[in-house]
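Asker: Next comes the sequence, and after it the predicted model I'd like to discuss.
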Amino acid sequence: MARRRKRGRDISGILLLDKPTDMTSNAALQDAKYLYFAAKAGHTGALDPIATGVLPICFGEATKFSQFLLNADKKYRVVAKLGEKTTTADREGEVIESQPVDVNEKQFLAVMNQFKGSIKQVPSMYSALKHNGTPLHKLARQGIEVERDAREVSVYSIELLRFEGEQVEMNVHCSKGTYIRNLVEDIGDVLGCCAHVQELERTAVGEFELTQTVSMKQLREMKTDDLKLEMDQLLLPIEEALQGWPKLQLTDNEAYYLKQGQALQIAEAPADGLVCLFEQEHQFIGVARIDDDGKVAPSRLLKQET
């Protein structure tokens, strides 16, 4: 009987990757998975190919909790060019409209500040959203355009870092699902001079910041030097993705029943929401929700060792 081919290492944790420019998020994911020889991996929200910055990669059991990072706030640094609109709203697209730029810094700030708070965006055709199972960007490259519903997103803060004629640089703190390309294009439309993204860097995902990331180049060099232990030490514990969440320390008995999928009444539990579960020795075992009856109900649990 032929031996079953090894599918990869059963490792778990979160790698904070600084995605290089001109690389898709999926390509970055596959490269990281290969470099770690990981059996299972997933990322937590795509970055545009031209974008760089924080791309959390979840390995193994961490993939169960990737949705929580997908839902986290994001921060970006963006450089925009005024005066030109492109097919993709970034530098990759063809210029489809040009307008003279007769805008000063004060006028730009006045318009930029209109986009603070709750706003509506119609997702770009050049996005990873799917229509009947097909990514919109694939349809767009076939010359197909479909109707997209406007979505409400939140811009918590937007700060002008630099204003130099046709080029502006901003910091943006926003909710999940916010398209920075749309934001830049919409600002340009209100100004009446068009705009598109030239550079985009994601500087934070939730509590994870750019200063914590490792580059693809560093990973490849470590792989070449056979520094597997050092590579593994870059992986963050799963609970790091849930910083700021309420924590619930369980007794052995409580941990046992929750692992069996049973909801329990626990006096120390918060009144509602989600909570991180820890058993003895402060070992993270997963996430629970607080039901309407006040019981702690397991939501996502780590695989139990057998």
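Answerer: Thanks, I have it. Numbering: from 1, shown residues only.
Asker: Would you quantify the distance from Lys64 to Gly286?
Answerer: Distance from Lys64 to Gly286, counting by C-beta to C-beta, to the nearest Å: 8 Å. All C-beta spots, glycine's among them, are computed from the backbone N, C-alpha and C.
Asker: OK, contacts around the closest residue to Val79 other than its chain neighbours?
Answerer: Across the structure, with C-beta to C-beta, 6 or more residues apart in numbering as the measure, the residue nearest Val79 apart from its sequence neighbours is Glu199 (3.9 Å). By C-beta atoms under 8 Å, 6 or more residues apart in numbering, the contact set of Glu199 is Ile50, Arg77, Val78, Val79.
Asker: Let's verify the first one: helix, strand, or coil?
Answerer: Spelled out, it's Ile50. Following DSSP: H, G, I helix; E, B strand; the rest coil, the label given to Ile50 is coil.
Asker: Generate CSV for the contacts of Glu199, with secondary structure, pLDDT and neighbour count as supplementary columns.
Answerer: Formatted as CSV, the entries for the contacts of Glu199 read as follows, by DSSP: H, G, I helix; E, B strand; the rest coil; pLDDT from 0 to 100; neighbours: other C-beta atoms under 10 Å:
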residue, secondary structure, pLDDT, neighbour count
Ile50, coil, 95, 17
Arg77, strand, 99, 19
Val78, strand, 99, 23
Val79, strand, 99, 17
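Asker: Which members of the residues you listed are the farthest-apart pair?
Answerer: The largest separation in those, counting by C-beta to C-beta, is between Ile50 and Arg77 at 13.2 Å.
Asker: who touches both of the two?
Answerer: Contact criterion C-beta under 8 Å, 6+ apart; residues shared by Ile50 and Arg77: Glu199, Leu200.
Asker: contacting residues for Val184?
Answerer: With contacts defined as C-beta under 8 Å, 6+ apart, Val184 is in contact with Val78, Ala80, Ala89, Ala195, His196, Val197.
Asker: Now secondary structure and distance to Met222 too, for the residues you listed, in TSV please.
Answerer: Formatted as TSV, the contacts of Val184 follow (DSSP: H, G, I helix; E, B strand; the rest coil; distance: C-beta to C-beta, whole Å):
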residue	secondary structure	distance to Met222
Val78	strand	31
Ala80	strand	35
Ala89	coil	36
Ala195	strand	40
His196	strand	36
Val197	strand	32
